[in-house]
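Novice: quick one, fold the following:
(one chain, ligands or ions: 1)
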Amino acid sequence: MTKRKHQREKARLFQALTEQTQGSTDHDAPIPEQALANLPGLTAHTPSGSLPKMKKFRFQLMHEWILHRLPPGRVADVGGGKGLLAYLLQQSGWQATVIDPVAQALPDKYKDLTLNRRVKIGAAESVPHLTQPFAPAMAEQFDLLVSMHAHGCNVQLIDVAATGQQKVILLPCCIIQEPLLPAPGQHWIACLVEYALAKNLTVEPFRLNFRGQNIGLYIHTA
Ligand SMILES: C[S@@+](CC[C@H](N)C(=O)[O-])C[C@H]1O[C@@H](n2cnc3c(N)ncnc32)[C@H](O)[C@@H]1O
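Specialist: Alright, predicted model coming up:
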C-alpha cells in the first residue's frame, strides 16, 4: 500500500469509527450501527439489535471465525479465562495455550452451535496454561495471539504484530491497565485502530454474531 493510500484508508477507517461513537462513556457498549456502515471489511451489516443474545457463545463464534480465516498453527488465547476458545481451537488442530495470570479450570461442558447440542469436556482434558500476565516476549512461540475482553494486553499485542511475524485478533472491551487512552469522545476501539494503523499494520474489523460489543480487529502486517 502506498503511503498516500494508507493515509486515505486510515482516515476513512478512523472517521467511520469515531464519528458515530463520540459521546459514549461506556467503552463496552455496542458501537452504533452508523459507525460500522463504512467500515472496510465488515461484510455483515446485520443491525446489532437484531442479533441473537449469543454473548455466552462468543468463544464458539470466534472459533468459527478463526477456522474460516486461518490455517491451524500455534495460538495463544491471551487473557483466556477458563480457556474454552483455546480448547475449541485445540480440538480443531491448533496448538493452543492460554496465557492468563489467573489459573481457571476448563468448563465441564459447552454448546456445539453446529450440532445444537451440549458437549462434555472430560475432567482429564486440559489446555497448556502460562499462568502469568502477558508479556511481548511470550509471543515468539506463537503464530496467532487472540485476546477476547482481556485486560491490559491490547496495546502490547498490537506492538507484537508490528514487530514480529505474529497475527493478532482483538475483541476489545473496557480499558484496564492499558498504556494508551482514547482522545476525548473517541471510542476505545477507534483508538486501537488508529494505533495499529500508525504502525503500518493492516486492520480488518469484523463482527461476531452476538448482541453487545461484538467488533473484532484482525491485525497483521500487509
Ligand atoms: C474479562 S476476563 C475475559 C476472559 C475471557 N477471555 C472471556 O472473554 O470471557 C479478562 C481476563 O484477562 C485476564 N488478565 C488480566 N490481566 C492480564 C494480563 N496482564 N495478561 C493476561 N491476561 C490478563 C484476567 O485474569 C481475566 O481472565
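Novice: can you report how many residues neighbour the closest residue to Arg117 other than its chain neighbours?
Specialist: Spatial nearest neighbour of Arg117, chain neighbours left out: Lys111 (7.3 Å); criterion: Cβ to Cβ, 6 or more residues apart in numbering. Backbone N, C-alpha and C define where each C-beta goes, glycine included. By the other Cβ atoms under 10 Å criterion, the neighbourhood of Lys111 contains 14 residues.
Novice: could you list the low-pLDDT ranges of this protein?
Specialist: For the chain, residues meeting the criterion pLDDT under 70 lie at 1, 6-7, 10-53.
Novice: tell me the residues of it that contact the ligand?
Specialist: 78-81, 99-102, 133-134, 148-153 (Cβ under 6 Å from any ligand atom).
Novice: pull the contacting residues for the residue nearest to the spatial centre of the chain.
Specialist: Note on the chain: the residue nearest the mean C-alpha position is Leu170, at 2.3 Å, using Cα atoms, centre = their mean. If a contact means Cβ atoms under 8 Å, 6 or more residues apart in numbering, then Leu170 has Ser147, Asn154, Leu157, Ile158, Leu192, Gly216, Leu217, Ile219 as its contacts.
Novice: how near is the spatially closest residue to it that is not a sequence neighbour to the ligand?
Specialist: Distance criterion Cβ to Cβ, 6+ apart; nearest residue to Leu170, sequence neighbours excluded, is Leu217 at 4.6 Å. With the distance defined as Cβ to the nearest ligand atom, to the nearest Å, Leu217 ends up 15 Å from the ligand.
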